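[1] structure for this input, please:
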Amino acid sequence: MALGLEAVPNDVTAPPPTDAEVVLRELLREAGIPFRVDQVIWYCSQTPLTPDFIISDHLVIEVEGAVHDERWIQTHDRIRERALTDLGYEVRFLTNDQVFRGDERLLDEVIWWHRTAKSSGLVPRIRPIDPPKLRPANLNRIDLDRCIEQVGQQLEDQIRQETLEKGLRGIDPVLLDFPGLIEVVSLGLLGCFLTGGGAGTVVDFTLGQRAFEAGLSLLNSRFGENAARGLKNQLVVTTPNFFKNLIFLGGPLINQGIVSISSLEDFRKNIEGFNRAFSELGIVAGEKEAIAECHEQLKQKPGLASRPDLAWLAG
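    Next up, the predicted model:
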């Protein structure tokens, strides 16, 4: 595999402000609170966020409309909050109605938090992740999946940082120059090394955990602690989707059919197994978040509700 390089386009932009956001801008200006909008924050090497407001570099305010009342959207809001908190930000939420009412109590709380933190020196230390500047020019998803499978075959007997690094270098040394690619490969390897246990209803996360930790170690050694944090954040935000695939496909996209989850009890056992494997790394799967992701899938593809093994989910 011979990989060229290309610049990553700097085309991440925030959506236009809502009416409520325009009102809050005026309220903050009148209160003398400095803020920024249209700020891009990378929570991993692949995915950016554009918070509605950043106040004094450390406080993020998100203004939420009625769409955020949907449970699926709330799930993604909570996950995004975790990623921002991990980077050192304080995250607060306001609804459109609260902004339009000019809710003085909530606005006073924002002002109080900002001024207290600033005067006491307790402002959190922000740990930004650098945005990618270059990427391989001719690497498609099929090639990447082959790369993951090839590295996985080399790691079967010895899952650790050194063998992961050797496997990537053997395919193309360029792969080791991009945190984002190592993130993708590490998550793919986590999926590849999952096996079925518990009479085919519960995933054994042991080898997948080792592959993921090898990726963390490689990122930390080559790019520093923040790069490893980016991989953790990427797993955090993809966990509900992981469990959706586990329920509907029997495994991740790269390793389907390893389990059959046909009851709430089976599902909860898998949540518990995941958390035993990854909670020490600060990564925890939430039952409600995973179920919300599955319900959204049923809403988009209602024919799935007729599957007998999904009756527990559709009920």
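
[2] C-alpha only now, for contacts and for neighbours.
    Noted.

[3] what residues does stretch 177-189 touch?
    44-46, 132, 134-135, 144-145, 147-149, 152, 175-176, 208, 211-212, 214-215, 219, 223, 227, 230-231, 234-235, 254 (CA atoms under 8 Å, 6 or more residues apart in numbering).

[4] where along the stretch 151-300 of the chain do the strands fall?
    195-197, 202-204 (DSSP state E, counting those that start in this stretch).

[5] how about these in CSV, adding distance to residue 284, mean pLDDT and mean neighbour count?
    Formatted as CSV, these follow (distance: least, CA to CA, whole Å; pLDDT from 0 to 100; neighbours: other CA atoms under 10 Å):
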stretch, distance to residue 284, mean pLDDT, mean neighbour count
strand 195-197, 20, 83, 16
strand 202-204, 16, 94, 24
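
[6] turn those into TSV, including distance to residue 276.
    Formatted as TSV, the strands of the stretch 151-300 of the chain follow (distance: least, CA to CA, whole Å):
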stretch	distance to residue 276
strand 195-197	15
strand 202-204	11
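
[7] residue 140: which of the ones you listed is closest?
    strand 195-197 (26.6 Å; CA to CA).

[8] so which of the strands of the stretch 151-300 of the chain is nearest residue 61?
    strand 202-204 (38.0 Å).

[9] list of residues touching that closest one?
    194, 195, 196, 197, 258, 259, 260, 261, 266, 269, 270, 273.

[10] tell me the buried residues within those residues.
    Buried subset of the contacts of strand 202-204 (neighbour count, 16 or more other CA atoms under 10 Å): 194, 195, 196, 258, 259, 260, 261, 266, 269, 270, 273.

[11] mind putting these in TSV, distance to residue 140 included?
    Shown next, in TSV, are the buried ones among the contacts of strand 202-204 (distance: CA to CA, whole Å):
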residue	distance to residue 140
194	24
195	27
196	29
258	26
259	29
260	30
261	32
266	35
269	35
270	32
273	33
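
[12] which of those residues has the weakest pLDDT?
    Lowest-confidence member of the buried ones among the contacts of strand 202-204: residue 196, scoring 88 (pLDDT).

[13] that residue pairs with what?
    Taking DSSP bridges as the rule, residue 196 bridges to residue 203.

[14] against residue 206, how distant is it?
    Relative to residue 206, residue 196 is positioned 11 Å away (CA to CA, to the nearest Å).

[15] circling back to that earlier point, give me the subset of the buried ones among the contacts of strand 202-204 lying in helices.
    Among the buried ones among the contacts of strand 202-204, the members found in helices (DSSP state H) are 266, 269, 270, 273.

[16] hang on, the earlier thing: need the max-distance pair from the contacts of strand 202-204.
    So, those by CA to CA: farthest apart are 194 and 266, at 16.2 Å.

[17] so what's the residue positioned nearest the centre of the chain closest to, chain neighbours aside?
    Note on the chain: the residue nearest the mean C-alpha position is residue 237, at 2.2 Å, using CA atoms, centre = their mean. Nearest non-adjacent residue to residue 237, counting by CA to CA, 6 or more residues apart in numbering: residue 79, 5.7 Å away.

[18] excluding chain neighbours, what is closest to residue 314?
    Leaving aside its sequence neighbours, residue 314 sits nearest to residue 305 (CA to CA, 6+ apart; 5.9 Å).
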